[in-house]
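S.K.: sharing a sequence plus its predicted fold:
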Amino acid sequence: MNDFEPLFQELEKYPTLYAALRPYVEWAIMKTPGNGAHHKVIQALRNKDGQALGKLDKLFADAQTILGINADVFNRTFGFNDDLLIDDPEKIHDVIAEPLLAVKLVEHGFSAIKRLPKSVLVNGSQAPLADFTAERSGLKFAVELKTIRTERAIVEGEPSGNAMKPDWWGEMFLNNARMKIEGKDRRVVKQLINTCGQFGCNVSMLVLYSRRLGVSALSEPHEYREKLEVLKEEYPQIEFFASIDYYGTFAIVPDIP
């Protein structure tokens with residue numbers, strides 16, 4: 001038995017997780033420095049963190065049920081077979097964000113959630129689409145998810161250079177959100193407009209996923225709502241703004257009737 005077999009044996013205890021993450025785990029321990037030592041999933045497997053692994057396994061299973069897809073389609077659709085195979089230990093958080101959103105939408109009263117292809121052919125050209133459609137309160141939503149990466153190079157136990165600035169996490173959240181909206185000639189807005197037009201959606205919603213480094217400052221729904229209200233005023237063409245963080249805290253502006 002080689003040194004990696006215990007990790008695979010631990011992963012096999014979680015069938016849905018195993019199906020999704022086996023290629024990633026194998027790649028990380030063979031191709032990255034320290035045999036994947038800086039990858040959170042590898043750490044959890046080595047520590048036999050049943051609570052974290054079990055929770056993630058259930059998340060994946062629930063997302064597959066909600067979307068009505070099998071494991072193969074799930075893994076291919078969300079990029080578990082390829083998008084994760086890069087030397088970026090943080091990429092796992094981006095990939096997990098979309099299944100997490102599907103589960104959170106159901107928890108907050110949405111139904112008929114569908115994962116969309118990246119684009120659709122319109123008048124001979126590929127039109128980019130949002131990530132999901134979903135329904136609630138008689139409305140059909142075009143839903144796009146964007147992740148917010150917070151300050152890099154934070155060292156545990158050492159204060160950040162911004163630590164004494166009031167609400168610096170909030171400022172960074174807003175600035176990163178604006179960059180996501182304005183970037184690539186406002187591609188996000190185009191994705192939402194295209195989805196509304198092609199899939200009969202009444203309204204659009206941009207969901208901002210705050211990455212794990214930011215949760216200490218923006219962990220309450222009312223704090224997120226304050227920032228989302230600013231974005232809603234700045235970008236009125238997007239009907240709804242929502243946020244979700246590493247712990248699943250969800251907020252939406254304005255309130256849905």
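M.R.: That came in fine, so what should we check first?
S.K.: residue contacts, the residue nearest the centre of the chain?
M.R.: The centroid of the chain falls nearest to residue 97 when counting by CA atoms, centre = their mean (1.9 Å). Residues in contact with residue 97, defined by CB atoms under 8 Å, 6 or more residues apart in numbering, are 145, 147, 209, 244. (C-beta placed from N, C-alpha, C; glycine too.)
S.K.: state the pair within those residues that is farthest apart.
M.R.: Using CB to CB, the two most remote members of the contacts of residue 97 are 147 and 244, lying 9.8 Å apart.
S.K.: circling back: restricted to strands, list the contacts of residue 97.
M.R.: 145, 147, 209, 244 (DSSP state E).
S.K.: surely the last one touches residue 101?
M.R.: Yes. With contact defined as CB atoms under 8 Å, residue 244 reaches residue 101; the gap is 6.2 Å.
S.K.: with adjacent residues omitted, what lies nearest to residue 223?
M.R.: The shortest distance from residue 223 to any non-neighbouring residue, by CB to CB, 6 or more residues apart in numbering, is to residue 170 (7.2 Å).
S.K.: go on, residue 122?
M.R.: That would be residue 198: by CB to CB, 6+ apart, it lies 7.0 Å from residue 122.
S.K.: quick one: the one helix or strand that neighbour maps to to chain centroid distance?
M.R.: Using DSSP states H and E, residue 198 falls within helix 168-199. Centroid separation for helix 168-199 versus its chain: 14 Å, with CA atoms, centre = their mean, to the nearest Å.
S.K.: list the helices and strands that helix packs on?
M.R.: Packed against helix 168-199 by the contact rule (3 or more CB pairs under 8 Å, 6 or more residues apart in numbering; DSSP states H and E) you find strand 119-122, strand 125-128, strand 139-148, strand 203-210, helix 221-234.
S.K.: run the angle between that helix and helix 221-234 for me.
M.R.: Counting by axes from the mean of the first three to the mean of the last three CA atoms, to 10 degrees, helix 168-199 lies at 60 degrees to helix 221-234.
S.K.: give me the angle between helix 168-199 and strand 203-210.
M.R.: 150 degrees.
S.K.: buried residues in helix 168-199, which are they?
M.R.: By 16 or more other CB atoms under 10 Å, the buried positions in helix 168-199 come out as 168-170, 172-174, 176-177, 180-181, 188-189, 191-196, 198-199.
S.K.: buried members of the contacts of residue 97 into PyMOL, please.
M.R.: Provided next is the PyMOL selection string for whichever of the contacts of residue 97 are buried by 16+ other CB under 10 Å:
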select buried, resi 145+147+209+244
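S.K.: tell me the one of the contacts of residue 97 nearest residue 59?
M.R.: Comparing those against residue 59 with CB to CB places residue 244 closest, at 12.6 Å.
S.K.: rewinding a little: can you give me the pLDDT of the residue nearest to residue 223?
M.R.: pLDDT, residue 170: 81.
S.K.: one step back: the residue nearest to the centre of the chain falls within a strand, correct?
M.R.: No. Assigned with DSSP: H, G, I helix; E, B strand; the rest coil, residue 97 falls outside any strand and is helix.
S.K.: how close does residue 252 sit to residue 16?
M.R.: Residue 252 is 28 Å from residue 16, where distance means CB to CB, to the nearest Å.
S.K.: swap in residue 173?
M.R.: 31 Å.
S.K.: can you check residue 117 too?
M.R.: 23 Å.
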